[in-house]
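[1] Sequence first, then the predicted structure:
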Amino acid sequence: MIRRYPDATRWLCDQVEDVIVDGRLDFPESTYEEMRIGQQIGVEWSGADGKAHYSVSDDAARRLAVWSSKSAGYFDAVARICATNIGQGAPLPFALRAFVSSVLVGETCRPRVGHRQPKKNWMERAFLFGLGRSACEKFGLTLTSNDEAGHAHSACDALAEALTICGRTTKYGEIKRLFVHRDFARFREENAKVGEDYKRKKNMKRIVEALMSKDTPETPLTNYLRSGLGNT
């Protein structure tokens with residue numbers, strides 16, 4: 001395991017060196033709600049024709065309209081989608097047009113924020129979390145060190161070392177907290193949900209690609225599904 005630790009550190013350096021700028025990870029502000037909405041089936045970001053906008057299916061729009069009432073974070077994320085599309089002259093499904101209308105006339109209000117505004121660094125945390133888990137899987141490292149034995153060859157050690165080498169001074173304890181401390185339990189739950197949504201969306205894309213392929217035999221079922229997929 002110790003022999004693989006240097007390999008893990010070098011690999012992690014390759015992953016982080018291009019995203020560290022002036023001693024910090026250079027990620028845009030992000031929230032859990034934004035990231036989860038982006039992984040929903042029927043929600044796609046498009047930059048075609050020079051107009052950056054969201055493509056949202058009717059089913060996804062109805063789901064987002066419901067989610068907008070759950071928290072201020074979801075409300076803001078859904079409002080940002082609507083504002084982006086309105087600003088670009090891109091279409092909005094009926095459920096989102098209804099959401100905008102109800103907000104403008106005062107029928108729908110932004111849910112109250114809790115006692116503490118969450119940091120908008122969800123993407124950065126997810127990036128580090130994913131790298132730590134990948135280091136375990138790719139190089140056979142333990143997630144954390146045996147503090148009593150004094151061994152410092154875990155995935156968290158390697159990630160902290162790689163970040164420091166590449167310009168972001170990072171302690172082992174900072175990385176370890178992300179994986180085991182109760183303060184980050186909610187983040188870990190959120191990360192699992194986003195991961196599940198990502199896998200579901202990825203699998204759906206594979207199914208769609210297979211159904212739309214010319215190599216897939218025509219049957220009444222595939223023709224029916226193709227006609228529906230072509231209208232979404």
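    Structure's in. What do you need?

[2] so which helix or strand takes in the closest residue to Phe184 other than its chain neighbours?
    In this structure, Phe184 finds its nearest non-sequential neighbour in Leu178, 5.3 Å apart by CB to CB, 6 or more residues apart in numbering. C-beta: built from backbone N, CA, C; applies to glycine. Taking DSSP states H and E as the definition, one finds Leu178 inside helix 172-180.

[3] And Arg97, how far from Phe179?
    42 Å (CB to CB, to the nearest Å).

[4] right, and Trp67 touches Val78 too?
    Yes - the criterion here is CB atoms under 8 Å, and Trp67 meets it with Val78 at 6.8 Å.

[5] on that earlier part again, am I right that the residue nearest to Phe184 is in contact with Phe127?
    No - in terms of CB under 8 Å, Leu178 does not count as a neighbour of Phe127; the distance is 10.7 Å.

[6] Which secondary structure element of this structure has the lowest mean pLDDT?
    Comparing helices and strands within the chain by mean pLDDT, DSSP states H and E singles out helix 220-230 as the least confident, with a mean of 57.

[7] Pop the domain breakdown of this structure in here.
    The domain map for the chain lists 5-28+120-180, 32-104, 186-230, with the assignment taken from automatic domain parsing.

[8] Can you pull the poorly scored residue ranges out of the chain?
    1-3, 48-50, 115, 147-151, 211-232 (pLDDT under 70).

[9] longest helix anywhere in it?
    The single longest helix within the chain, with elements called by DSSP state H, is helix 185-212.

[10] what's it packed up against?
    Using 3 or more CB pairs under 8 Å, 6 or more residues apart in numbering; DSSP states H and E, the elements in contact with helix 185-212 are helix 32-38, helix 122-139, helix 220-230.

[11] Apply 10 Å and report the result again.
    When contacts are defined as 3 or more CB pairs under 10 Å, 6 or more residues apart in numbering; DSSP states H and E, helix 185-212 packs onto helix 32-38, strand 43-46, helix 122-139, helix 172-180, helix 220-230.

[12] ok, and which of the ones you listed has the densest surroundings?
    Of all the helices and strands packed on helix 185-212, helix 32-38 carries the top mean neighbour count, a mean of 21, counting by mean count of other CB atoms under 10 Å.

[13] The domains of the chain: which one's closest to Val113?
    For the domains of the chain, proximity to Val113 was assessed by CB to CB; domain 32-104 is nearest, at 4.7 Å.

[14] so how far is the first residue of that closest one from its last?
    Start and end residues of domain 32-104 are separated by 25 Å (CA to CA, to the nearest Å).

[15] quick check, distance from that domain to the centre of its chain.
    Offset of domain 32-104 from its chain centre (CA atoms, centre = their mean, to the nearest Å): 16 Å.
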